[in-house]
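Enquirer: Quick one: sequence plus predicted model below, questions after.
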Amino acid sequence: DSGVTQTPKHLITATGQRVTLRCSPRSGDLSVYWYQQSLDQGLQFLIQYYNGEERAKGNILERFSAQQFPDLHSELNLSSLELGDSALYFCASSVGSGSSYNEQFFGPGTRLTVL
Amino acid sequence: GQNIDQPTEMTATEGAIVQINCTYQTSGFNGLFWYQQHAGEAPTFLSYNVLDGLEEKGRFSSFLSRSKGYSYLLLKELQMKDSASYLCAVRDRRGSYIPTFGRGTSLIVHP
C-alpha cells in the first residue's frame, strides 16, 4: 500500500458524459501527478500540482482539467468523453517538486470504461 | 522530447537471471527510474540512478551509463511473481523534471 488513495476504482459511463476522479496523496506529500495508461500508449503524464498550484503540464486534452484543493487532495475532470478515453488513470504523489530527488508513489488507479 | 526504448517482451526461466535494457535520448538528463507493474495494478518503485554505475538492492540491480544513454535492470534468482511489466522512466531538466515513461517490458517467468 503506497498511501495514495484513488476513488472510484472502476467507472463505466457513456460517450459525451463527464466524470470526476479523486486522489488523496500520501500524508506529507505536496505534489500530485496524474497519468493516463492505455494499452497502446503506455503511461502518459497529464498534469502536476504542487501545494495547490499547477506546476507542469503534459499531454492533457482541453476536455480534461484538474485541480488541487487546500487539503491537498486532487480531482481530475474528464468531459465530453470519447471511446478513446477508456484507460487506467493513475495518481501519484511525492514530497516535493523540481530538481530534487522525488520518488513518486502511485495510487491503485481508476479504470475508466467509456461505452 | 525524449526517446525511451525498451524491448516489448522477454521470457525467462524461474531461478535464472534476466537483464532488461533501456536506451534513451535526452538533452537534460536528470535521473532514471525503474518501476515494476503487475497487470492492472499501480507501478511500484524499484530503483533510481542519477550517476554512472551499478546500484544493487537485493535480487534487483540497476546500471546506468549516461554517456551511452543506457540503463539496464538485472533480476537474479527469478521467481514466478517477477512476471510483470518493467517500466524505465527518465527525468529531464527541460521537462520540468517529470519522469517520462517508456512503454515497458513485459517479463514472463515460466517454470
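Expert: Great, that's in hand. Residues are numbered from 1 along each chain as shown, chains lettered A, B, ... in the order given.

Enquirer: For B:G102, see how far away the spatially most central residue of chain A is.
Expert: For chain A, the residue nearest the mean C-alpha position is A:W34 (2.9 Å; CA atoms, centre = their mean). The gap separating A:W34 from B:G102 is 19 Å, by CB to CB, to the nearest Å. (Glycine included, C-beta is placed from N, CA and C.)

Enquirer: Next: B:A84.
Expert: For B:A84, the distance to B:G102 - CB to CB - is 14 Å.

Enquirer: can you check B:L51 too?
Expert: In terms of CB to CB, B:L51 sits 20 Å off from B:G102.

Enquirer: Which one of those two is surrounded by more residues?
Expert: Remark: of B:L51 and B:G102, B:G102 carries more neighbours, 21 against 8, as counted by other CB atoms under 10 Å in any protein chain shown.

Enquirer: For beta bridges, what are the partners of the nearest residue to the more buried one once chain neighbours are set aside?
Expert: Among residues not flanking B:G102 along the chain, B:I4 sits closest, at 3.7 Å (CB to CB, 6 or more residues apart in numbering or on different chains). Going by DSSP bridges, B:I4 is paired in beta bridges with B:Y24.

Enquirer: Next one: B:I4 from B:F29, what distance?
Expert: Distance of B:I4 to B:F29, given as CB to CB: 12 Å.

Enquirer: Report the set of residues contacting both of the two.
Expert: B:V90 (CB atoms under 8 Å, 6 or more residues apart in numbering or on different chains).

Enquirer: Those two: which is more packed in?
Expert: B:I4 (23 against 18).

Enquirer: From what I see, that one and B:P99 are in contact.
Expert: No. Counting by CB atoms under 8 Å, B:I4 does not reach B:P99; the two are 9.9 Å apart.

Enquirer: Which neighbours do those two have in common?
Expert: By CB under 8 Å, 6+ apart, the residues touching both B:I4 and B:P99 are B:89-90.

Enquirer: Might you enumerate the residues of chain A proximal to chain B?
Expert: Chain A has residues A:2, A:4, A:33, A:35, A:42-45, A:48, A:55-56, A:58, A:88, A:90, A:97-99, A:101-109, A:111 near chain B, with proximity defined as CB under 8 Å from any CB of the partner chain.

Enquirer: buried sites along the one helix or strand A:L76 maps to?
Expert: When elements are assigned from DSSP states H and E, A:L76 belongs to strand A:74-78. Using 16 or more other CB atoms under 10 Å in any protein chain shown as the test for burial, strand A:74-78 gives A:74-76, A:78.
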